[in-house]
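Undergrad: Let's see this in three dimensions:
(one chain, ligands or ions: 2)
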Amino acid sequence: MSKAAPSFTCTACGATSRKWAGRCEACGAWNSIVEEAPLSSGPKGPTARGRSIALTDLSTEEAPPPRAASGIAEFDRVLGGGLVPASAILVGGDPGIGKSTLLLQAAASFARKGLSVIYISGEEASAQVRMRAQRLGLAEAPVKLGAETALRDILTTLDTERPGLAILDSIQTLWLDTVEAAPGSVSQVRASVHELVTFAKRRGVSVILVGHVTKDGQIAGPRVVEHMVDTVLYFEGERGHQFRILRAVKNRFGPADEIGVFEMTGNGLQEVSNPSALFLSARDAPAPGSAVFAGIEGTRPVLTEIQALVAPSTLGTPRRTVVGLDSGRLSTILAVLESRVGIPFTGLDVFLNVAGGLKVSEPAADLAVAAALLSAREDVAIPPDMVLFGEISLSGALRPVSQTENRLKEAAKLGFTQAALPAGSKHGADAGLRLREMADLTAFTGEMFGA
Ligand code: TYD
Ligand code: MG
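TA: Ligands and ions are numbered 1, 2, ... in the order given. Okay, the predicted model is just below:
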């Protein structure tokens, strides 16, 4: 069998190649390619291990062990209803966003529910972690603490302690003595996480790994880590806002795109169980440029305010500034408004913002975005008791979206009395709202702005 060929990995994007280059072909970064030690040289010949089993032969009597709930409802929800035994979870986020705080609180809650938990920090000494726990009012929680970075030591600890859950903060501090690279490098992170996850699965320990995200939004170096774990969660929030959103981007054991909402306070993260009320609470008096979108985040409806500002531009190429929405989507909607409805935005700066720091990725937000833009441009306020949702097609038609009824119910619950939505939307009840169903954007602008 041939010798394992050397492999090279880009530390910026994680792309692998067979030869070294000064510039990564995948992401264009300079001097980012490093040689990696092969993980193992592979099997030397046929082995007796590795057998298959028929799906129907799997005993149904042996029910899978139940999920462990932490009791922090927003956290359990994002996991898909609690922690699956022997699962591996990655929690990524910007430095300072509150990952350690969240996981220390989760550790304490799990421990109080009877799960044995060990929290291993490579970033803080145990005394510092204890100080944080005191500040959070968790000093009495039966959590074991460790301050280690050498993976061998960590595995020994886990082997003797046999906890139900181990939390490792963070993967960038782990190092394995068989890999000749600095902690935080792609090779180290990849090898350490691989060892750790394999070990944990074999011993039936659940692991939660913390990973810092780099400026461009990737878990430092290793996107490669994402496929080694069962669940990938991102902890997000805008600087200057106290809201934090824990979002499942991958989950083998539950719905992806589920969110949990928290508020960072002086003594830790508080759950926000009614996000709609939170995102709308700071709403000013009805003003042009504001539209309330009835959205769905994961499995629950969330109402958010979309704000637009349109002003004459002094620049040759007017500004298009977007926070919390896809900028490509904004360009599309502006183009549709111009070509299909005859309302141009040339020579105008456009600023678009989702209030409260939420990121909205549903196409159902199109109608609310268009409404906010038109309202800002025409200087006419949208009725403050109205919610909007619907996808806009390139022809200017409004397309029905999923879960109409859930959206309407949530709006009714928060005191809204009317909804603008695509004609032909499927819904059983109107939840007591006045429904204004429209087939296309022309009908919408005619009815709302008389344009
Ligand atoms: P931390 O959990 O250390 O972030 P990460 O592990 O993601 O790097 O959180 C740090 C920030 O949280 C810090 O700016 C202070 C703030 N914070 C509070 O506002 N209240 C609290 O009770 C705690 C513990 C932290
Ligand atoms: Mg931390």
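
Undergrad: CA only for contacts and neighbour counts going forward, please
TA: OK.

Undergrad: Low-confidence stretches in the stretch 201-350 of the chain?
TA: 214-223, 239, 281-282, 284 (pLDDT under 70).

Undergrad: ok, which residues in it are in contact with ligand 1?
TA: Within the stretch 201-350 of the chain, the residues that sit near ligand 1 (Cα under 6 Å from any ligand atom) are 264, 265, 266, 267, 268.

Undergrad: ditto for the stretch 1-150 of the chain
TA: Within the stretch 1-150 of the chain, the positions near ligand 1 by Cα under 6 Å from any ligand atom are 95, 96, 97, 98, 99, 100, 101, 132, 136.

Undergrad: quick check, residue 371 in a helix?
TA: Yes: under DSSP: H, G, I helix; E, B strand; the rest coil, residue 371 falls within a helix.

Undergrad: Please, which helix or strand holds residue 167?
TA: Taking DSSP states H and E as the definition, residue 167 sits inside strand 165-169.

Undergrad: separation between residue 428 and residue 406?
TA: Distance, residue 428 to residue 406, by Cα to Cα, to the nearest Å: 10 Å.

Undergrad: Could you check which of the two has the larger neighbour count?
TA: residue 406 (20 against 8; other Cα atoms under 10 Å).

Undergrad: and the nearest residue to that one once chain neighbours are set aside, how far is that from residue 413?
TA: Distance criterion Cα to Cα, 6 or more residues apart in numbering; nearest residue to residue 406, sequence neighbours excluded, is residue 301 at 6.4 Å. Residue 301 sits 11 Å away from residue 413, going by Cα to Cα.

Undergrad: Spell out the secondary structure type for the residue nearest to residue 406.
TA: Three-state assignment for residue 301 (three-state DSSP): strand.

Undergrad: and the nearest residue to residue 170 once chain neighbours are set aside, backbone torsions?
TA: Nearest residue to residue 170 in three dimensions, chain neighbours excluded: residue 210, at 4.6 Å (Cα to Cα, 6+ apart). When quoted as degrees, to the nearest 10, the phi and psi of residue 210 stand at phi -100, psi 130.

Undergrad: heads up, I number from 11, so please use that
TA: Renumbered: residue one is now 11, and that last one reads residue 220.

Undergrad: Residue 220: what's it in contact with?
TA: For residue 220, the contact set (Cα atoms under 8 Å, 6 or more residues apart in numbering) comprises 100, 101, 102, 109, 110, 177, 178, 179, 180, 181.

Undergrad: okay if I get those as a markdown table plus pLDDT and neighbour count?
TA: A markdown table is the format used below for the contacts of residue 220 (pLDDT from 0 to 100; neighbours: other Cα atoms under 10 Å):
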| residue | pLDDT | neighbour count |
| --- | --- | --- |
| 100 | 95 | 26 |
| 101 | 94 | 25 |
| 102 | 90 | 27 |
| 109 | 94 | 23 |
| 110 | 95 | 23 |
| 177 | 97 | 25 |
| 178 | 96 | 29 |
| 179 | 92 | 27 |
| 180 | 88 | 24 |
| 181 | 91 | 25 |
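
Undergrad: which stretches of the stretch 11-160 of the chain form helices?
TA: Per DSSP state H, counting those that start in this stretch, the stretch 11-160 of the chain carries helices over the ranges 83-88, 109-122, 136-145.

Undergrad: do you know which of those helices lies nearest residue 168?
TA: helix 109-122 (15.6 Å; Cα to Cα).

Undergrad: Can you give me the neighbour number for the closest residue to residue 459 other than its chain neighbours?
TA: In this structure, residue 459 finds its nearest non-sequential neighbour in residue 390, 7.2 Å apart by Cα to Cα, 6+ apart. Number of residues near residue 390 (other Cα under 10 Å) recorded here: 17.

Undergrad: distance of residue 390 from residue 358?
TA: According to Cα to Cα, residue 390 stands 17 Å off from residue 358.

Undergrad: got the angle between the helix of greatest length in the chain and strand 175-179?
TA: Longest helix of the chain, by residue count under DSSP state H: helix 196-213. Angle of helix 196-213 versus strand 175-179, following axes from the mean of the first three to the mean of the last three Cα atoms, to 10 degrees, is 170 degrees.

Undergrad: contacting residues around helix 196-213?
TA: Under Cα under 8 Å, 6+ apart, the answer for helix 196-213 is 19, 21, 24, 46-47, 49, 96-98, 161, 165, 172, 181-182, 184-186, 189-193, 216-217, 231-232, 234-235, 238-239.

Undergrad: residues touching the closest residue to residue 447 other than its chain neighbours, list them.
TA: Closest residue in space to residue 447, ignoring its immediate chain neighbours: residue 433 at 4.5 Å, by Cα to Cα, 6+ apart. By Cα under 8 Å, 6+ apart, the contact list for residue 433 reads 408, 409, 410, 447, 448, 449.

Undergrad: 6 Å instead?
TA: 447, 448, 449 (Cα atoms under 6 Å, 6 or more residues apart in numbering).

Undergrad: got it, and residue 360?
TA: So residue 360 contacts 319, 320, 329, 330 (Cα under 6 Å, 6+ apart).

Undergrad: what's the burial count for the last one?
TA: Translated: residue 330. 14.

Undergrad: In stretch 198-213, which of the residues would be classed as buried?
TA: 198, 199, 200, 201, 202, 203, 204, 206, 207, 210 (16 or more other Cα atoms under 10 Å).

Undergrad: quick one: the fourth one from residue 193, how far?
TA: Meaning residue 201. 11 Å.

Undergrad: One more: the third one?
TA: According to Cα to Cα, residue 200 and residue 193 sit 10 Å apart.

Undergrad: Give me the spatial nearest neighbour of the spatially most central residue of the chain, chain neighbours excluded.
TA: The centroid of the chain falls nearest to residue 257 when counting by Cα atoms, centre = their mean (3.1 Å). Leaving aside its chain neighbours, residue 257 sits nearest to residue 269 (4.5 Å; criterion: Cα to Cα, 6+ apart).

Undergrad: burial measure for the one you found, as a count.
TA: Residue 269 has 25 neighbouring residues, counting by other Cα under 10 Å.

Undergrad: ok, now residue 324?
TA: 11.

Undergrad: Can you classify it as helix, strand or coil?
TA: coil.

Undergrad: Leaving out the residues flanking it, which one is nearest to the residue of the stretch 361-461 of the chain found nearest ligand 1?
TA: Nearest residue of the stretch 361-461 of the chain to ligand 1 (Cα to the nearest ligand atom) works out as residue 367 at 16.5 Å. Computed as Cα to Cα, 6+ apart, the closest residue to residue 367 that is not its neighbour in sequence is residue 248, at 5.4 Å.

Undergrad: Am I right that that neighbour is in a strand?
TA: No: under three-state DSSP, residue 248 falls outside any strand and is assigned coil.

Undergrad: so it sits right up against residue 365, yeah?
TA: No: using Cα atoms under 6 Å, residue 248 makes no contact with residue 365, being 10.4 Å away.

Undergrad: Show me which of those two is the more surrounded one.
TA: Using other Cα under 10 Å as the criterion, residue 248 and residue 365 rank with residue 365 on top: 19 against 16.
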